[in-house]
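In: Could you look at this predicted model? Sequence included:
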Amino acid sequence: MTRSPLHRLVFGVLRRLLYLWVRSETINQSALTLKLDRSRPVFYALPSPALTDLAVLDHECTKAGLPRPVLPVVVGPLHEAAAFFYLTPDPDWLGRHDKSGAPPTLERLVEVLGQHAEEDAQIIPVSVFWGQSPDSESSPWKLLFADSWAVTGRLRRLLSVLILGRKTRVQFSTPIHLRELVQHNKGHARTVRMAQRLMRVHLRNLKTAVIGPDISHRRNLVKGLIHAPLVRQAIAEHAEREHVPQAKAEAQARHYGNEIASDYTYTAIRFLEVVLSWFWHKIYDGIKVNHIEQVQGIAPGHEVIYVPCHRSHIDYLLLSYLLFKNGLTPPHVAAGINLNMPVVGNLLRRGGAFFMRRSFKGNPLYTAVFNEYLHTLYTKGFPVEYFVEGGRSRTGRMLQPRTGMLAITLRSFLRSSRTPIVFVPVYIGYERVLEGRTYLGELRGASKKKESIFDIFKVLGALKQRFGQVYVNFGEPIRLADFLDQQQPGWRDQDHGPQYRPAWLSETTTRLGDTVARHLNGAAAINPVNLVALALLSTSKLALDERALVRVLDLYLALMRQVPYSAHTTLPEGDGQALIEHVRGMDLVAEQKDALGRILYLDENNAVLMTYYRNNVLHIFALPALLASFFLSSSRMSRALLGQYVHALYPYLQAELFLCWEPEQLDEVIDQWLGALVEQGLLRQDNDIFVRAAPSSRQFVLLTLLARSITQTLQRFYMATSLLLNSGQGTLSAEALEALCVTMAQRLSILHGLNAPEFFDKSLFRHFIQTLIDQGVLRVNAHGKLSYSNKLGGLAEGVAKRVLSAELRLSIRQVALHRDDGLATATL
């Protein structure tokens, strides 16, 4: 074809004719960053013969300034007419390949390198994908001819070029140095086979990363589940336990499999991509993605599990869309069975959703089928996505992780750890969530609304609102093997049978959940709405004049730039004034003008809703706010005393807000924040003493606003300890204390006008009480009653005096002392 001037002329004409129609691009711009030794010859390995693929490759190489595949190349005494070869020979008209034998070019290269030790050749495996460009696909008809794992013949390839030629992408793999293989001294034949196998692995990983691994049809997949040993055992036990025939138990297992399994089709994925492209551009001003490059680097050859935070029903659609757009496989997504609604459920299933019941309790057969299904996905290398929070966060905070899916993943990995598993945290931040109105009702105490197919259509009624931007940050990956090495150093040496459940599994799973949550918070995207909400909700009247608000926002931005929360946290562009204008344009703040300028404030509806957006980033400001709060009642404090109080409170803040720093890192971080507060003029350092600004100064006002962002959290801590201390030793159970805390918080929120619904969230009190038990501060006796150290009272009062006003402390103590005895008795 290209071995004579005539063939080259024909090829050149064909390429020009092809590019009258075809448009191509290189995925991730890999061709521009390949680390090639320009002094060594370069060859390209294509999966199978296709003149169109070769023409596209030649075009992209020319664009990127890489050596062209159709030109002659010299390796020592060997003169090759072209710098490319195919790993498999020509297919027949049905698209079938005979994979026996090796490419003659590869045979000659290995032979020459075996005879000339100074020579080397670089081979770059290349894949060409037709119909994979998501930025312009608009026809469901075109989706039918997009690339997949199905065998294709010449006719289908011709149709693909005609229909999808303007949506073609090329992906280059890392160069393979043939000299390194020859140096193994395995002999000519074995070296050729090694090179073939290595290139096939590279190409398969490329294809897997772009369109997903080759997975059986759903019917065959479910059939495989039923014949898995653990499921067969569960079927037999179910038949014996329920006194039903084996066939009926097997039919029940098959029913569970069909209920669970996705019906993943690439046609549906592309159809959803077309619809979602319109949706995102219609609803939001844009989607900003950060740190996805690290995912593109680890996806090939790894089992990737995406663990996003859960703020909206559209989270998983958004993530699948972005992954597909960036050349990565959309994952199989764990969805609640409540979303398996008519029509919509079927579409979601075809888009990769698999459905799970809210509880597996009391149904070992369902549990076995579900576990085997996930294990099948993991071992086949298909990416998976699930939400460790379980459900959507109605308050904007990171919810306590639900460890069920993590435990299943851990057991599957212990059962077969051949494919390395890596968790990828994904933080999704909205400037306005679609469910804002629903959340507003739930934040005010309304019951959780059940999902309905009609919710999809209700979204259309909200299109007149401005929803701003969406931020998607990929956090620091967690490699499961490395995590286990750290938590359980000897895990590799243990015998991992199919039913292996070590004693350490539960505790390790809990730690894994906490680690995932911390990495998620570490990838937070701070947006203008977050910062404006944080500033205005810290004021007593939920209002500031515009110039003061600008100063507060500029302070927050300066602090975050000086002491970044983590390497994966991102900040908004612009200064405080730009942030205000952005939020005003979304109608989230009201304003009033007078002769002195504008006053910006939150009305009743927005005040409640903005607590949601404030809570998205509360963890980022928790530590500097805590440090600032110590100076509300004290004008000066020593570094030693600051450290003592921070260390005392940090375990509880970390447990509630999933702060990223380990206790041993705390002193260094405290010094960084104190330095930043001094730099911004909020504190002054006098040797080992830190002094606040004068109460009449602008800096003191800024310090006070910063401190107030964490005040409500500290108030809840003080309420729980006050109630416990007032009740006495061994009188309250954890459940009774939790109920009393909720009642007191509801009362105080009315008395003090605390417009923050999560202030009396029972789950926050429950977790604080559990953390006190975990820290050894509280003990549970044989009767389930709580006892505490005699030092608790002094420590609680000592800290409270520093961070809470005398009025609020008195109010809490009075409510705790004079609470309704009937209520107390009822909760005991």
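Out: Now that the structure is in, tell me what you want to look at.
In: Tell me which residues touch residue 513, please.
Out: By CB atoms under 8 Å, 6 or more residues apart in numbering, the contact set of residue 513 is 388, 401-403, 406. Every C-beta, even on glycine, is put in place using the N, C-alpha and C of the backbone.
In: and the longest helix for the protein?
Out: Longest helix of the chain, by residue count under DSSP state H: helix 188-211.
In: So for that one, what gets flagged as buried?
Out: Neighbour counts over helix 188-211 (16 or more other CB atoms under 10 Å) mark 191-192, 194-196, 198-200, 202-211 as buried.
In: Please identify which helix or strand holds the nearest residue to residue 798 once chain neighbours are set aside.
Out: Among residues not flanking residue 798 along the chain, residue 645 sits closest, at 7.9 Å (CB to CB, 6 or more residues apart in numbering). Secondary structure from DSSP states H and E places residue 645 in helix 639-657.
In: on contacts alone, who are the packing partners of that helix?
Out: Judged by 3 or more CB pairs under 8 Å, 6 or more residues apart in numbering; DSSP states H and E, the packing partners of helix 639-657 are helix 618-629, helix 666-679, strand 689-692, helix 711-727, helix 762-774, helix 792-803.
In: what do you get if the cut-off is 6 Å, keeping everything else the same?
Out: helix 618-629 (3 or more CB pairs under 6 Å, 6 or more residues apart in numbering; DSSP states H and E).
In: Could you check the angle the helix it packs on makes with helix 792-803?
Out: Helix 618-629 runs at 90 degrees relative to helix 792-803, counting by axes from the mean of the first three to the mean of the last three CA atoms, to 10 degrees.
In: Helix 618-629: how far from the chain's middle?
Out: 24 Å (CA atoms, centre = their mean, to the nearest Å).
In: residues making contact with it?
Out: 521, 565, 653, 657, 659, 673, 703, 706-707, 709-710, 803 (CB atoms under 6 Å, 6 or more residues apart in numbering).
In: In space, what's closest to the most centrally placed residue in the chain - neighbours in sequence excluded?
Out: Geometric centre of the chain, nearest residue: residue 426, 1.8 Å, by CA atoms, centre = their mean. Nearest non-adjacent residue to residue 426, counting by CB to CB, 6+ apart: residue 308, 3.8 Å away.
In: Can you select the buried ones from the contacts of residue 513 in PyMOL?
Out: The command below creates a PyMOL selection of those among the contacts of residue 513 that count as buried (16+ other CB under 10 Å):
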select buried, resi 388+401+403+406
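In: so where's the chain uncertain?
Out: Counting by pLDDT under 70, the chain contains low-confidence ranges at 1-4, 28-35, 89-100, 131-166, 209-217, 266-267, 440-464, 495-499, 752-757, 817-828.
In: coming back round to it: for residue 506, see how far away the residue nearest to the centre of the chain is.
Out: According to CB to CB, to the nearest Å, residue 426 and residue 506 sit 26 Å apart.
In: now residue 707
Out: 38 Å.
In: With residue 582 instead?
Out: 46 Å.
In: who has more neighbours, these two?
Out: Comparing residue 582 with residue 506 by other CB atoms under 10 Å, the one with more neighbours is residue 582, at 21 against 13.
In: Quick check: nearest residue in space to residue 416, chain neighbours excluded?
Out: Nearest non-adjacent residue to residue 416 (CB to CB, 6+ apart): residue 379, at 5.8 Å.
In: what about the one you found, how many neighbours?
Out: Neighbour tally, residue 379, other CB under 10 Å: 14.
In: And for residue 788?
Out: Counted with other CB under 10 Å, residue 788 comes out at 18.
In: okay but it is in contact with residue 776, surely?
Out: No. Checked against CB atoms under 6 Å, the pair residue 788 and residue 776 is beyond contact range at 10.1 Å.
In: one step back: report the contact partners of the residue nearest to the centre of the chain.
Out: Here residue 426 is in contact with 306, 308, 319, 474 (criterion: CB under 6 Å, 6+ apart).
In: Please name the bridge partners of the last one.
Out: Legend: beta-bridge partners of residue 474 under DSSP bridges are residue 426.
In: that older thread, which ones among the contacts of residue 426 lie within strands?
Out: In this view, these that belong to strands under DSSP state E are 306, 308, 474.
In: ok, the nearest residue to the first one once chain neighbours are set aside to residue 407 distance?
Out: What it means is residue 306. Spatial nearest neighbour of residue 306, chain neighbours left out: residue 385 (4.1 Å); criterion: CB to CB, 6+ apart. Distance, residue 385 to residue 407, by CB to CB: 17 Å.
In: who's more crowded, the two?
Out: The residue with more neighbours, out of residue 385 and residue 407, is residue 385; 24 against 19, by other CB under 10 Å.
In: all strands of the stretch 201-350 of the chain, in order?
Out: Applying DSSP state E, counting those that start in this stretch to the stretch 201-350 of the chain gives strands spanning 286-290, 303-308, 332-336.
In: closest to residue 577 out of those?
Out: For residue 577, the closest of the strands of the stretch 201-350 of the chain is strand 286-290, at 20.6 Å, according to CB to CB.
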